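In: Need a 3D model of the sequence below.
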Amino acid sequence: MSCKDQIIQSEGHLFPGKTYAECVLEPAFNEAKKHLLGPMMAINKAHLIMLAEQKLVSPEEAGAIAKALHGIDLDKLRQCSYTGQFEDLFFQVEHELLDKAGDIAGNLHLARSRNDMGIAIYRMTLREKLLVTVSSALYLKENLLAFAEEHVHTIMIGYTHTQQAQPTTMAHYTMAVVDSLSRDVERMFRAYANCNRSSMGAAALTTSGFAISRERMRELLGFDGLVENSYDAIGGADYVAEICTAAQLAAINLGRVVQDLLLWCTQEFAVLQVSAPYVQISSIMPQKRNPVSLEHMRSLLSSCVGSANTVLTMIHNTPFGDIVDTEDDLQPYAWKALAILDNIYRLLASVIGTMEVNKEVLRKRTEGSFATVTELADTLVRTDGLSFRKSHHIVSGIVNKALAQGLAANDITLGLVNEAAQDVIGRSVSLNEEQLRQALDPVHFVTIRSLPGGPSPLEMERMIADRRERHISHLEWTYASEERSRQALQHLDTVIQDWSRS
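Out: Numbering: from 1, shown residues only. This is a model prediction of the structure:
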């Protein structure tokens, strides 16, 4: 027996081949059952309502099809296995409708294709998943704002190039994270707006000769607009690419923060203590208190980046038209990216909301750090009329001399300052002891940095209040979007249920 005959004997003569079904069709069918059945049925209901309103099916026909739609056992469909009898879930649902309503159910496919229908299903699925992720992002933001409010006066060292830079506060750092997260949310809002547009009525590619209403389909399905060009409606894939780009950037942004939190949990930093529900022990080392929840977040965020990038890579260099590349095989990676991001937002909110900050260690470390000496340089400009660059040279000399003598920043004396000044400007400075102590005080450093966005407690309180107001508007937008979708789908169910009884 030839190799070809062996394959045919194993795979079969008819569609679908055994391996094709196993590797491609069955996985796609299972994903469709789980994620796409609800939107598919909603589109069937909306299309029927629109056809009846446009008088393309009679009231009697609409009633028969509505009864068939209402009679489909969705739970049974979700439990069924792929047999190969039908190419995919769409044809299995169509078969059930024909079985229940007879040949007239075939008119439900007037002026539509699996092309425009499939894209609409994907858009509806993604909009719901995106709103879930956004809601979790906003939950995290609530916890971050509360954490920032608690730590407006928590002095700490800020780092640049991983080196001690200047005194700041935990609130200042946290509000930077809040603003980064807010931009991520706003990117998701914009991605949602481009996703929440209807492809229905584009049919296979060129619309239809039947007098359907694309606008009515948009309204019935809760879309905010149309993908007007029918070629674009079935060929464009940027709606999913934009969502994945937003998710990918959000995961990258959050991963950088998680890395900081992990570093701060080390005994060497001794800044944070993650609450007991989110740590794990060692099997051999009794002293270990591992913040494994944060490690999982870091790796899963990388997984989110990977899943999102898979979507972008699968779209890259594909033809501009209806293609499998942007459909069954691709969409689950977008869902996975959003699901991971949703989970991490919720988990990080719990960790942030329950962790302890070692304020005393942070304060003492900041007091002894040379991070304060930028203010000493600024003070010399004020007291002695020096250029900042000249003052910078003096303070650099002070730091070098202090390090050579094993002194901390708060051990610097006026004599040491004048010694360094002699080296640079050939004289002592007019700075007095009180001014020196104030210049080296991290609390003073933070307090006077009250320019917009600075770490001053008053400025932080202003920013927190402002961000809370913006947060409310984000919550309202999310709720309104969820409600529009919910009401649209509820209306479909009500109409079809009424028609099925008439």
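In: Name the residues of the helix or strand of the chain with the lowest mean pLDDT that are buried.
Out: The least trusted helix or strand in the chain, going by mean pLDDT, DSSP states H and E, turns out to be helix 3-11, with a mean of 85. Buried residues in helix 3-11, counted by 16 or more other Cβ atoms under 10 Å: none are found. For every residue, glycine as well, the C-beta is placed using N, CA and C.
In: For that helix, enumerate the helices and strands it packs against.
Out: When contacts are defined as 3 or more Cβ pairs under 8 Å, 6 or more residues apart in numbering; DSSP states H and E, helix 3-11 sits against helix 18-20.
In: The helix it packs on - what's its average pLDDT?
Out: When pLDDT is averaged along helix 18-20, the result is 92.
In: and what of stretch 425-435?
Out: 93.
In: what's the offset of that stretch from the middle of its chain?
Out: 53 Å (Cα atoms, centre = their mean, to the nearest Å).
In: what about Ser396, helix or strand, and which?
Out: Using DSSP states H and E, Ser396 falls within helix 388-404.
In: If you count contacts, what does that helix end up packed against?
Out: helix 373-384, helix 414-425.
In: how far is the least confident helix or strand of the chain from where the chain is centred?
Out: That offset, for helix 3-11, works out to 47 Å (Cα atoms, centre = their mean).
In: Need the residues that contact that helix.
Out: Met1, Gly17, Lys18, Thr19, Tyr20 (Cβ atoms under 8 Å, 6 or more residues apart in numbering).
In: Count the residues that sit near the second one.
Out: Translated: Gly17. Using other Cβ atoms under 10 Å, Gly17 has 18 other residues around it.
In: what does the last one give?
Out: The local packing count at Tyr20 equals 14, with neighbours defined by other Cβ under 10 Å.
In: List of residues touching stretch 36-55?
Out: Contacts for stretch 36-55 (Cβ under 8 Å, 6+ apart): 32, 57, 59, 62, 65-66, 69, 72, 74, 77-78, 89-90, 93, 97, 107-108, 110-112, 117, 120-122, 124-125, 200, 210-213, 216-217, 220-221, 489, 492-493, 495-496.
In: swap in stretch 323-332?
Out: Contacts of stretch 323-332 (Cβ under 8 Å, 6+ apart): 24, 28, 31-32, 35, 118, 122, 125-126, 237, 240, 310-311, 314-315, 318.
In: can you pick the most crowded of those residues?
Out: Going by other Cβ under 10 Å, Val240 tops the contacts of stretch 323-332 with 28 neighbours.
In: Just give the nearest non-adjacent residue to that residue, would you?
Out: Leaving aside its sequence neighbours, Val240 sits nearest to Ala334 (Cβ to Cβ, 6 or more residues apart in numbering; 5.3 Å).
In: Secondary structure of Met156: a helix, I assume?
Out: No - the assignment for Met156, made by DSSP: H, G, I helix; E, B strand; the rest coil, is strand rather than a helix.
In: Quick check, it in contact with Gln166.
Out: No - between Met156 and Gln166 there is no contact under Cβ atoms under 8 Å: 10.4 Å.
In: hang on, the earlier thing: now the residue nearest to Val240: how far from Ala247?
Out: Using Cβ to Cβ, to the nearest Å, Ala334 is found at 8 Å from Ala247.
In: likewise Ala241?
Out: For Ala241, the distance to Ala247 (Cβ to Cβ) stands at 11 Å.
In: more neighbours, these two?
Out: Ala247 (29 against 21).
In: Can you show me the helices along the stretch 401-502 of the chain?
Out: 414-425, 433-439, 442-447, 457-501 (DSSP state H, counting those that start in this stretch).
In: Reformat these into a markdown table and put distance to Val381 and mean neighbour count next to each item.
Out: Shown next, in a markdown table, are the helices of the stretch 401-502 of the chain (distance: least, Cβ to Cβ, whole Å; neighbours: other Cβ atoms under 10 Å):
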| stretch | distance to Val381 | mean neighbour count |
| --- | --- | --- |
| helix 414-425 | 13 | 17 |
| helix 433-439 | 11 | 15 |
| helix 442-447 | 15 | 22 |
| helix 457-501 | 22 | 16 |
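In: picking up where we left off before, of Met156 and Gln166, who's got more company?
Out: Set side by side, Met156 and Gln166 give different neighbour counts by other Cβ under 10 Å, the larger being at Met156 (28 against 20).
In: For that one, which non-adjacent residue is closest in space?
Out: Of all residues not flanking Met156 in the chain, Leu362 sits nearest, at 4.4 Å (Cβ to Cβ, 6+ apart).
In: does Met156 have beta-bridge partners, and which?
Out: Per DSSP bridges, the residues bridged to Met156 are Thr168.
In: Got the confidence number for it?
Out: So Met156 comes in at 97 (pLDDT).
In: That one: what's it in contact with?
Out: Shown in contact with Met156 (Cβ under 8 Å, 6+ apart): Pro167, Thr168, Thr169, Met170, Tyr173, Val271, Leu362, Arg365, Thr366.
In: Could you report the pLDDT at the fifth one?
Out: Looking back up the chat, that one is Tyr173. For Tyr173, pLDDT reads 98.
In: do the last one as well
Out: At Thr366, the model reports a pLDDT of 95.
In: which residues touch it?
Out: Ile155, Met156, Ile157, Pro167, Thr372, Pro442.
In: Am I right that it falls within a helix?
Out: Yes - secondary structure of Thr366 (three-state DSSP): part of a helix.
In: Disregarding flanking residues, what is the spatial nearest neighbour of it?
Out: Pro442 (4.3 Å).
In: what residue ranges in the stretch 351-500 of the chain are flagged as low confidence?
Out: Residues of the stretch 351-500 of the chain meeting the criterion pLDDT under 70: none.
In: Thr354: neighbour count?
Out: 14.
In: how about the nearest residue to it once chain neighbours are set aside, what does it touch?
Out: Spatially, and ignoring its direct neighbours in sequence, Thr354 is nearest to Ser275 (3.8 Å; Cβ to Cβ, 6+ apart). By Cβ under 8 Å, 6+ apart, the contact list for Ser275 reads Val351, Thr354, Met355, Glu356.
In: do the same with Pro277
Out: Ser350, Thr354.
In: any idea how far it is from Ala137?
Out: With Cβ to Cβ as the criterion, Pro277 and Ala137 are 22 Å apart.
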